[in-house]
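1. Predicted structure and sequence below. I'll ask about it afterward.
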Amino acid sequence: MEGINSSTDAAEMSFGELRKTLRKFRENGTRNATVTYKLGKYMCDNYSSKLGNEVWDVYEQMFFACIDLGINDIGLSYLRQIKEQFPESKRVYRLIGVLHEADGELAEAEELYKEMLEENPGDAAMTKRLISMYKTNGKTVEAVKLLVSYLETYKCDNEAWLELAELYLSEYEYEKAAYCFEELILISPANYLYHQRYAEVRYTIGGAENYLISKMHFCQAARLSGNSSNRALLGLVTVCETLRGLKGVTTEDKESCFKLVKWAKEKLTDKYEKSKVEVSDACPKKNSPKMTDHIDSGLETVCAILDSVKL
Amino acid sequence: MRDIVFSSLALTKMMLHSYKYPHMPVNGVFLMDCDVEKEIYISDCVPLFHQGISLKPMFQLAMRTVEDYCERNNLAIAGYYESPDIVKSASPSLFAEKVGEKLREHFKDAFLLHNIWQENSKFALRPFIKESGKWSYSANTLNFENENVFKTVAELQKKNFGLELQDYDCYLDNFTNDWTNRSLQEVIMLVDAQTEHRDQSIKAK
């Protein structure tokens, strides 16, 4: 997907390419409304008969792109076509709810969602819609309540745990957010992102004990990502620096911090140097030092931390 | 207190940051030019984060990196902005207040700015300064170097330049992403000069 951006011309793409791109966007949940709209519109205008049954998926995709772009009336035209085809579909009702939301008719949307949920309490997608509606309208308390009860049924829904964690973070409830990340680590122990976030949350709470947990999970995140995660490496550097300057931390822990920072610095220096080469190669004006200024600043910061840890 | 004057470059970067991540809260810092004495001249802006904006480790690191950058370029961090996805209250968030306190340790006139989405893709800018122990809304602190800055932003957004903006989060994903946005800078200044010029010629008629 690297080559696809807002300046891509849909007319230069073949039917197959268009279909593949739009499909990929749907599968990955890529929320790139401008591009989706451009490609999707060309697709619908030129190849709608060629698409077969997939046309309804594309219409739905276009509907969401329109809503994201704030062109609700065009979105409505796609929704009308879908509704004609599937008049009783729950999925269509959800789209109607979304349109209500986009038009600012929140009460109508809420009523619709609640009605649908009464009919079918196990409808996960509808529950999530209602949660996200609460969230965007600042009704955090309601959103949290509904999410918590949802998670009692769907305990292994990563997305929902993550959402709950984000909600807690926006309320500065770091301990509760940490709990969510603990659940996420239990569900997917090999996903480095959860370790990384958990480490960041523990660091934010602060205190020697939390810093030690944070250090452990930054290490885990670095390892699981195959040392590719800059955040994990930089987090490790940051937390080790903090631990070195702290009372109540054993000499043994401080020793290990020093070693870790040294190790992380090597890995980072390597990455910085590689990035610098990449940037200068891409730059038309050779040897302009300014273009790598942002990388130099980053490297400088890490070196300064290593110096302070040494003492 | 001296007047705060915002360059188009600084404001444009901040607004493009919101445009790039319309569904997420974003934050960043304003840099002032230390060579200008008669006013607080905000010459630039560094967009920082669009995910996990209330977490400390990467934020601290970002602030240190930006400070190093400032030192080398005779700049200083003068303000902090955030554009909350949910507007809970008219006052700065807890996190913003803490950042504000930190900034005040080095620069006592540090300010906070709320950048809020409104209907028709416009923004409401709400500056806060600390007065008698409290962060309070201060409408008069906002001065634009070019009054047409919103036209500049609209023009750039229309051409999708918002997607080219890189914040510190992007930089953490890949070190080649430039949080100083040097290549975008030239485009912003060019478009801004055009909007300014166009406005003057309309007035002249």
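-> On my side now, so go ahead. Numbers count the residues shown, from 1 in each chain, chains lettered A, B, ... in the order given.
2. any idea how chain A splits into domains?
-> Listed domain ranges for chain A are A:155-217, A:271-311 (source: automatic domain parsing).
3. Check the separation of the first and last residues in the first one.
-> When you say that, I think you mean domain A:155-217. This stretch, domain A:155-217, spans 23 Å end to end (Cα to Cα, to the nearest Å).
4. Does chain B have contacts with it?
-> Yes. Counting by Cβ under 8 Å from any Cβ of the partner chain, chain B has neighbours in domain A:155-217: A:Leu169, A:Ser170, A:Tyr172, A:Arg197, A:Ala199, A:Glu200, A:Val201, A:Tyr203, A:Thr204, A:Gly206, A:Ser214. (C-beta placed from N, C-alpha, C; glycine too.)
5. Contact partners for A:Ile305?
-> With contacts taken as Cβ atoms under 8 Å, 6 or more residues apart in numbering or on different chains, A:Ile305 has the following neighbours: A:Val237, A:Thr238, A:Glu241, A:Val261.
6. burial of the first one, as a residue count?
-> Taking other Cβ atoms under 10 Å in any protein chain shown as the neighbour definition, A:Val237 ends up with a count of 26.
7. okay, it: pLDDT?
-> Each residue has a pLDDT score; the one for A:Val237 is 93.
8. Of all the helix elements in the chain, which one is longest?
-> Looking at chain A here, since you left the chain open. Longest helix in chain A by number of residues (criterion: DSSP state H): helix A:251-282.
9. ah, no, chain B please
-> When secondary structure is assigned using DSSP H, the longest helix within chain B turns out to be helix B:182-204.
10. how far out from the middle of the chain is it?
-> Here helix B:182-204 shows a centroid-to-chain-centroid distance of 19 Å under the convention Cα atoms, centre = their mean, to the nearest Å.
11. other SSEs contacting it?
-> helix B:8-20, helix B:149-158 (3 or more Cβ pairs under 8 Å, 6 or more residues apart in numbering or on different chains; DSSP states H and E).
12. to the chain's geometric centre, what's the distance from the last one?
-> Offset of helix B:149-158 from its chain centre (Cα atoms, centre = their mean): 15 Å.
13. OK, contacts around A:Tyr154?
-> A:Tyr154 makes contact with A:Ala124, A:Ala160 under the criterion Cβ under 8 Å, 6+ apart.
14. repeat that with 10 Å
-> A:Gly122, A:Ala124, A:Thr127, A:Lys128, A:Ala160, A:Trp161 (Cβ atoms under 10 Å, 6 or more residues apart in numbering or on different chains).
15. Tell me, what's the model's pLDDT at the residue lying closest to B:Gln157 once chain neighbours are set aside?
-> Spatial nearest neighbour of B:Gln157, chain neighbours left out: B:Tyr19 (5.4 Å); criterion: Cβ to Cβ, 6 or more residues apart in numbering or on different chains. Each residue has a pLDDT score; the one for B:Tyr19 is 86.
16. wait, B:Tyr19 sits on B:Lys122?
-> No. At 11.5 Å, B:Tyr19 does not count as touching B:Lys122 under the criterion of Cβ atoms under 10 Å.
17. With neighbour numbers in mind, choose between the two.
-> Legend: neighbour count by other Cβ under 10 Å for B:Tyr19 and B:Lys122, higher for B:Tyr19 (20 against 12).
18. Flag the shaky bits of the stretch 151-300 of chain A, pLDDT-wise.
-> When residues are selected by pLDDT under 70, those of the stretch 151-300 of chain A lie in A:284-289.
19. And the helices in it?
-> Taking DSSP state H, counting those that start in this stretch to define them, one finds helices in the stretch 151-300 of chain A at A:158-170, A:174-187, A:192-205, A:208-224, A:230-244, A:251-282, A:293-310.
20. repeat for chain B
-> Secondary structure of chain B (DSSP H): helices at B:8-20, B:56-72, B:94-106, B:149-158, B:168-173, B:182-204.
21. winner for burial among those?
-> When you average the neighbours per residue for each of the helices of chain B (mean count of other Cβ atoms under 10 Å in any protein chain shown), helix B:8-20 leads with a mean of 25.
22. Just give me how far that one sits from the chain centre.
-> With Cα atoms, centre = their mean as the basis, the mean position of helix B:8-20 lies at 7 Å from the chain mean.
23. How about the contacts made by A:Ser275?
-> Taking Cβ under 10 Å, 6+ apart as the criterion, A:Ser275 is in contact with A:Asn230, A:Thr292, A:His294, A:Ile295, A:Gly298, A:Leu299, B:Tyr171, B:Asn174, B:Phe175, B:Thr176, B:Asn177.
24. hmm, try it at 8 Å
-> Taking Cβ under 8 Å, 6+ apart, we find A:Ser275 in contact with A:Ile295, B:Asn174, B:Phe175, B:Thr176.
25. Repeat that for B:Gly162.
-> Listed by Cβ under 8 Å, 6+ apart, the contact set of B:Gly162 reads B:Leu16, B:Tyr19, B:Lys20, B:Leu156.
26. can we see that at 6 Å?
-> The contact partners of B:Gly162, taken as Cβ atoms under 6 Å, 6 or more residues apart in numbering or on different chains, are B:Leu16, B:Tyr19, B:Lys20.
27. how near is B:Ser93 to B:Ile53?
-> 9 Å (Cβ to Cβ, to the nearest Å).
28. near chain A, which residues of chain B show up?
-> Taking Cβ under 6 Å from any Cβ of the partner chain as the criterion, the neighbours of chain A within chain B are B:54-57, B:61, B:64-65, B:68-69, B:86, B:88, B:94, B:160, B:163, B:172, B:175-176, B:178-180.
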